[in-house]
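Asks: heads up, no residue letters with this:
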């Protein structure tokens, strides 16, 4: 179980770094005046790793099937990436202009599909391979007396 969590965390960190660097619009950040997201990429990658590790441990403890765990983790990481892309667009583009919230979401969703599709596919395939190579032991309870 620990090996599975470590591999999933490495996959989350790798795919999140690729996704954030790929989506990041050109321009100066309004918060730290940096032109590169490398200044905060480690924090952006650790947050989903911690959250999804906790969710994965809870799902494994509840003995949820691997296919449902894969679905929950994939939706969780895709949701985090969408939110991170919104924040990144807001910080690098919309804060320097007069974008409304609806326009910010619109442009985030317009520029988001290719990085999301590629990184989500890589995450799903990687997680499936991790699940198929690291089976967890099922705990069977023997009824009293027999």
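Replies: Okay, I see it. Not measured: the values here are computed from a predicted model.

Asks: what sits up against the helix or strand encompassing residue 54?
Replies: Using DSSP states H and E, residue 54 sits within helix 41-61. Outside helix 41-61, the residues within contact range by Cβ atoms under 8 Å, 6 or more residues apart in numbering are 1, 4-5, 8-9, 12-13, 16-17, 20-21, 37, 68-69, 72-73, 76-77, 80, 84, 136. Bear in mind the C-beta positions are built from the backbone N, C-alpha and C, glycine included.

Asks: can I assume residue 12 is in contact with residue 76?
Replies: No - using Cβ atoms under 8 Å, residue 12 is not in contact with residue 76, being 9.5 Å away.

Asks: which one of those two has more residues nearby?
Replies: Neighbours were counted for residue 12 and for residue 76 using other Cβ atoms under 10 Å; residue 12 has more, 27 against 16.

Asks: Over to that one: give its phi and psi.
Replies: phi -60, psi -50 (degrees, to the nearest 10).

Asks: out of everything not next to it in sequence, what's closest to it?
Replies: residue 49 (4.6 Å; Cβ to Cβ, 6 or more residues apart in numbering).

Asks: buried stuff in the longest helix anywhere in the chain?
Replies: Counting residues, the longest helix found in the chain (DSSP state H) is helix 66-92. Residues of helix 66-92 classed as buried by neighbour count (16 or more other Cβ atoms under 10 Å): 66, 69-70, 72-74, 76-78, 80-82, 84-86, 88-92.

Asks: same thing with stretch 99-106?
Replies: 99, 104-105.

Asks: can you tell me which of those residues are in helices?
Replies: 104-105.

Asks: how about low-confidence regions in the chain?
Replies: 25-37, 136-146 (pLDDT under 70).

Asks: Now with 90, please.
Replies: By pLDDT under 90, the weakly predicted segments of the chain are 1-5, 20-45, 60-61, 63-64, 66, 84-105, 107-113, 115-116, 131-146.

Asks: OK, contacts around the residue positioned nearest the centre of the chain?
Replies: Centroid check for the chain by Cα atoms, centre = their mean gives residue 77 as the closest residue, at 2.8 Å. Neighbouring residues of residue 77 by Cβ under 8 Å, 6+ apart: 12, 15-16, 48, 52, 120, 123.
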